[in-house]
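Peer 1: Structure for this input, please:
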Amino acid sequence: MNLSKLSLDELKELLEEVKAEIKKRKTNWFSFKTPKCFNPLKHGPAYIAKLYMVDERIEREFFNDNGKEWCKKKKYYKTSWDVELNEGDVIECRLENGGKFDKREWYIVENGELQPLSDLSEAIEKLKN
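Peer 2: This is a model prediction of the structure:
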């Protein structure tokens, strides 16, 4: 690409496209942990998963935890994760027991920060955009 042949407006447009691509590729590190001993027998294990859309259905890529600290006769545990996410990534977390209901949370990475989403349907909408 010969930049000297481009007009000033074309150069500015190219610069904005390059900045947007750099921002999209920038990764961010986030840390998560279970706030107390987690009971996996109620609703399943604690996890962090990146969400993807594949043929109109959700796929999950689960992150490995940093190791479990067992409590109460090895039935409950505490754990943590350090995950690398890109701008626009959507994740699903199960970090707490929810009593009668499965307590999951959803987040999207926007401007290098995690922004909470209200439910799975909002997460799906973000993935489609």
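Peer 1: Kindly check the end-to-end length of stretch 16-32 for me.
Peer 2: Its start and end residues considered, stretch 16-32 measures 33 Å (Cα to Cα, to the nearest Å).
Peer 1: Name the SS class of Leu41, please.
Peer 2: helix (DSSP: H, G, I helix; E, B strand; the rest coil).
Peer 1: Nearest residue to it in space, ignoring adjacent ones along the chain?
Peer 2: Leaving aside its chain neighbours, Leu41 sits nearest to Lys75 (7.2 Å; criterion: Cβ to Cβ, 6 or more residues apart in numbering). Yep, even glycine has a C-beta here, placed from its N, CA and C like the rest.
Peer 1: got the phi/psi numbers for that neighbour?
Peer 2: Backbone geometry at Lys75, expressed as degrees, to the nearest 10, gives phi -100, psi -30.
Peer 1: Tell me, how many residues neighbour it?
Peer 2: 11 (other Cβ atoms under 10 Å).
Peer 1: pLDDT value on it, please?
Peer 2: Confidence at Lys75, expressed as pLDDT, is 85.
Peer 1: how close does it get to Glu61?
Peer 2: 28 Å (Cβ to Cβ, to the nearest Å).
Peer 1: From Gln115, how far off is the residue nearest the centre of the chain?
Peer 2: By Cα atoms, centre = their mean, the chain has its centre lying nearest to Ile91, at 3.0 Å. In this view, Ile91 and Gln115 are 11 Å apart by Cβ to Cβ.
Peer 1: Look up how far Lys19 lies from the residue nearest to the centre of the chain.
Peer 2: In terms of Cβ to Cβ, Ile91 sits 25 Å off from Lys19.
Peer 1: what do you get for Glu10?
Peer 2: Counting by Cβ to Cβ, the gap from Glu10 to Lys19 is 15 Å.
Peer 1: residues of stretch 114-129 that come out buried?
Peer 2: Across stretch 114-129, burial judged by 16 or more other Cβ atoms under 10 Å covers Leu114, Leu117, Ala123, Ile124, Lys126, Leu127.
Peer 1: Good, we can wrap up now.
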